[in-house]
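Chemist: No letters, just coordinates:
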Ligand code: PMP
């Protein structure tokens, strides 16, 4: 049961306890759940409208953007973006590549458009621990869009605010993969020139099987997408059909509505941001003050992700790492062992999404401090 487990998984992961209880409540009531209702039934339309309306309110999504619930996860959007924003394969898009997920985004986009990529590795080490400056020199001025990932889940790098494109290139829409940080900080939609922002649900806002895609309406329209774009991926088709072109992930949409209600009840996205900062600071404080017992690849504090904190133990020492994993598991802390791309040593990762409370992050921090005192 959730009460005995603290889930630090990078996703899918646990949702806030109050949301999980609300979900359980749905199943404990008589009548049909959104899993069994027709997606065109008025009862489901209400659920859908609620999820969209609350997401708009909580994330301050302006009226000139549409909210779509899309299929195919983050990877679906990796393909959907060039298929919608590039009319044919000769169109160019600029991609900032500074981690695992932006790399995957490029791999998929290359099938559908010309990718101009900005190498976002640290110029000195060659590691993905860096975010490059966006300049007139490194952005192709003919780009249909400029793409970036605002939180590189695996690498542990986050843009706490979206960057602005250089003045002369401001007309190019910014495309953001916010899969692992959406709903944990405000977004300046117009100010940052966001054209499309997407987030797979299974980290902060729901369950796998659903992705939220927010798109500026001027990017929609007949004939804009590639003629090869499948209907389920076509933003215009799905927008015109009000998210009902085909059967959407009904239950998952209801859950997003619950999460948005929860965020509102906590005090909104600004409060969630403060909690996210507090959670990450708790873990990073232990790492930084451990005299090298714990290590982090992210030296630049301004880029440290609040969502995913990679750390190693005694430089990746296998025995100490295993002892740490067993002892933390005995305390109900799970999800810390994950695959990471950093070559040397064995990095663990604490993911601190909406389902993890500040107190739970502090519990991990206390555990880490005690473990270091015992094994240092
Ligand atoms: N982008 C980011 C930033 C992610 O963290 C993930 C999932 N870990 C994805 C994309 C891929 O999402 P999916 O597995 O839903 O395709």
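Modeler: Perfect, thanks for sending it. Since we're looking at a predicted model, the values are computed, not measured. Numbering: from 1, shown residues only.
Chemist: Would you tell me what the next helix or strand after the lengthiest helix in the chain is?
Modeler: In the chain, with assignment by DSSP state H, the single longest helix is helix 269-288. Helices and strands here follow DSSP states H and E; after helix 269-288, the next one along the chain is strand 294-295.
Chemist: where does this protein dip in pLDDT?
Modeler: Of all residues in the chain, those with pLDDT under 70 make up the ranges 1-3, 339-345.
Chemist: Quick check: buried residues in the longest helix of the chain?
Modeler: Buried positions in helix 269-288, judged by neighbour count with 16 or more other C-beta atoms under 10 Å: 269, 272-273, 275-276, 279-284, 286-287. No exception for glycine: its C-beta is placed from N, CA and C like everyone else's.
Chemist: Could you check how far the nearest residue to residue 301 once chain neighbours are set aside is from the ligand?
Modeler: Of all residues beyond its chain neighbours, the one nearest residue 301 is residue 284 (7.9 Å), with distances taken as C-beta to C-beta, 6 or more residues apart in numbering. Summarising the geometry, the distance separating residue 284 from the ligand, computed by C-beta to the nearest ligand atom, to the nearest Å, is 20 Å.
Chemist: Equivalent analysis for residue 190, please.
Modeler: Residue 190 is 23 Å from the ligand, by C-beta to the nearest ligand atom.
Chemist: again with residue 231
Modeler: Taken as C-beta to the nearest ligand atom, the spacing of residue 231 relative to the ligand amounts to 19 Å.
Chemist: swap in residue 373?
Modeler: Relative to the ligand, residue 373 is positioned 33 Å away (C-beta to the nearest ligand atom).
Chemist: would that residue count as being in a helix?
Modeler: Yes: with DSSP: H, G, I helix; E, B strand; the rest coil as the criterion, residue 373 is assigned to a helix.
Chemist: contacting residues around it?
Modeler: Contacts here follow C-beta atoms under 8 Å, 6 or more residues apart in numbering; on that basis residue 373 touches nothing.
Chemist: In the stretch 251-376 of the chain, which residue sits nearest the ligand?
Modeler: Evaluated by C-beta to the nearest ligand atom, the stretch 251-376 of the chain has residue 308 as its residue closest to the ligand, separated by 8.5 Å.
Chemist: so what's that residue bridging to?
Modeler: With DSSP bridges as the criterion, the beta-bridge partners of residue 308 are residue 351.
Chemist: The host helix or strand of residue 148 and the ligand, any residue contact?
Modeler: Using DSSP H and E, residue 148 falls within strand 146-149. Yes: between strand 146-149 and the ligand, judged by C-beta under 6 Å from any ligand atom, the touching residues are residue 149.
Chemist: other SSEs contacting that strand?
Modeler: In this structure, strand 146-149 makes packing contacts with strand 92-97, helix 100-109, strand 174-177, judged by 3 or more C-beta pairs under 8 Å, 6 or more residues apart in numbering; DSSP states H and E.
Chemist: Tell me which of those is the most buried.
Modeler: Each of those was given a mean neighbour count from mean count of other C-beta atoms under 10 Å, and the largest, a mean of 25, is that of strand 174-177.
Chemist: what element comes up after that one heading to the C-terminus?
Modeler: strand 194-200.
Chemist: Going C-terminal from that following strand, what's the next secondary structure element?
Modeler: Along the chain past strand 194-200, the next helix or strand (assigned with DSSP H and E) turns out to be strand 211-216.
Chemist: Could you point out the helix or strand that follows that next one?
Modeler: Where DSSP H and E defines the elements, the next helix or strand beyond strand 211-216 is helix 235-240.
Chemist: between the next helix or strand after that next one and strand 194-200, how many degrees?
Modeler: Later in the chain than helix 235-240, the nearest helix or strand by DSSP H and E is helix 250-266. What separates the directions of helix 250-266 and strand 194-200 is an angle of 110 degrees, with axes from the mean of the first three to the mean of the last three C-alpha atoms, to 10 degrees.
Chemist: Show residues contacting the strand holding residue 148.
Modeler: 81, 93-96, 98-99, 101-102, 105, 109, 134, 139, 159, 163, 165, 169, 172-177, 179.
Chemist: From those residues, list the ones also adjacent to the ligand.
Modeler: 101, 177, 179.
Chemist: Pairing partners for the strand holding residue 148, with directions?
Modeler: Here the strand partners of strand 146-149, with direction, are listed using DSSP bridges: strand 92-97 (parallel), strand 174-177 (parallel).
Chemist: Starting from it, tell me the next helix or strand along the chain.
Modeler: strand 151-152.
Chemist: May I have the strands that pair with that following strand, each with its orientation?
Modeler: Using DSSP bridges, the neighbouring strands of strand 151-152 in the sheet come out as strand 157-158 (antiparallel).
Chemist: Around the ligand, which positions in the stretch 1-150 of the chain sit nearby?
Modeler: Residues of the stretch 1-150 of the chain found near the ligand (C-beta under 6 Å from any ligand atom) are 11, 73, 74, 75, 101, 149.
Chemist: Sorry, wrong one. I was asking about the stretch 151-300 of the chain.
Modeler: Applying the criterion C-beta under 6 Å from any ligand atom, the portion of the stretch 151-300 of the chain that neighbours the ligand consists of 153, 177, 179, 180, 200.
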